[in-house]
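[1] Sharing a model that was predicted from the sequence below.
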Amino acid sequence: MELILDCISGAWSPAVGDPDAWGWAVVATYGLATALCLRAAWRRQGREAAFWACAALLMAALGVNKQLDLQTLLTAAGRCVARAQGWYGARGAVQTRFVEAVAAVAALSLIGAGVAMRAHLARLWPAILGLAAVLTYVAVRAASFHHVDQILYRPGWAGIKLNPVLELAGALLIAANAGMRGRRRGRPRASDQTQGRDWAD
């Protein structure tokens with residue numbers, strides 16, 4: 001166990017993972033999404049309020065993880081365990097199973113969220129899609145496939161890399177949807193009060 005811990009400590013240490021402008025832009029977007037999700041949770045009720053509260057917690061955790069780079073710790077731990085247990089040469093198959101499991105969990109989570117929030121799905125689908133995209137990206141990145149690394153970290157147009165663009169897209173979808181759902185409620189119309197409609201939606 002001590003050998004594994006020494007191996008992990010030699011491969012990873014707490015530090016700012018992405019100190020460049022794009023990295024901080026992603027962190028700022030996670031922070032904005034967290035704030036907007038909290039506002040939406042405060043101004044909505046029932047299942048939708050719970051949905052936004054969970055989204056806020058996840059956005060905050062991902063924002064912290066973005067710079068602590070905990071997925072690198074996970075990858076380092078996996079490699080060290082594989083070496084210690086003698087199956088490092090077969091790690092590719094384990095990575096494949098891991099990504100398959102992540103894809104299945106992401107799909108089931110998306111379906112579960114859709115079923116649980118079916119009454120609000122028409123209004124929450126951008127956030128659900130954004131959550132699925134961000135979670136799937138982070139988990140697949142943790143598997144650290146070499147060809148995935150090449151795609152995600154290869155400079156593209158104007159030197160912009162694909163990985164922060166993918167993260168930004170997911171977080172911005174969540175932030176935009178939360179911003180819309182967190183707007184201050186208007187006054188109910190008399191006809192809505194009479195007919196018992198959900199004017200807040």
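    Okay, I see it.
[2] Could you give the average pLDDT over stretch 88-107?
    In this model, stretch 88-107 has a mean pLDDT of 78.
[3] Buried residues, that stretch. List them.
    91, 95, 98-99, 102, 106 (16 or more other Cβ atoms under 10 Å). C-beta here means a position set from N, CA and C on the backbone, and glycine is covered the same way.
[4] Next: stretch 81-90.
    So for stretch 81-90, nothing qualifies as buried (16+ other Cβ under 10 Å).
[5] Dump the C-alpha coordinates for it into CSV.
    Written as CSV, here are the backbone C-alpha positions of stretch 81-90 (Å, rounded to 0.1, in the frame of the first residue of the first chain):
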residue,chain,number,x,y,z
VAL,A,81,-2.4,0.1,-8.9
ALA,A,82,-2.1,-1.6,-12.3
ARG,A,83,1.7,-1.7,-12.0
ALA,A,84,1.5,-2.9,-8.4
GLN,A,85,-0.9,-5.7,-9.3
GLY,A,86,0.8,-6.7,-12.5
TRP,A,87,-2.0,-5.9,-15.1
TYR,A,88,-0.5,-2.6,-16.4
GLY,A,89,-0.1,-4.2,-19.9
ALA,A,90,-3.8,-4.9,-20.0
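[6] about what we covered before: output the buried residues of stretch 88-107 in a markdown table, with secondary structure and distance to Cys54 appended to each entry.
    Listed next are the buried residues of stretch 88-107 as a markdown table, based on DSSP: H, G, I helix; E, B strand; the rest coil; distance: Cβ to Cβ, whole Å:
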| residue | secondary structure | distance to Cys54 |
| --- | --- | --- |
| Arg91 | helix | 33 |
| Gln95 | helix | 28 |
| Phe98 | helix | 24 |
| Val99 | helix | 24 |
| Val102 | helix | 19 |
| Ala106 | helix | 15 |
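[7] This structure: helices as residue ranges?
    2-11, 21-43, 46-68, 70-85, 91-116, 121-143, 146-153, 162-181, 190-195 (DSSP state H).
[8] Throw the buried residues of stretch 88-107 into CSV and include distance to Leu36, thanks.
    As requested, those are exported to CSV (distance: Cβ to Cβ, whole Å):
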residue, distance to Leu36
Arg91, 39
Gln95, 35
Phe98, 32
Val99, 30
Val102, 26
Ala106, 23
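[9] Out of the residues you listed, the closest to Val115 would be?
    Ala106 (15.1 Å; Cβ to Cβ).
[10] and the residue lying closest to the closest one once chain neighbours are set aside, what does it touch?
    With Cβ to Cβ, 6 or more residues apart in numbering as the criterion, Ala106 has its nearest non-adjacent residue at 4.6 Å, and that residue is Thr136. Counting by Cβ atoms under 8 Å, 6 or more residues apart in numbering, Thr136 touches 102-103, 106.
[11] and what of Ala82?
    Ala82 touches 88, 91, 94, counting by Cβ under 8 Å, 6+ apart.
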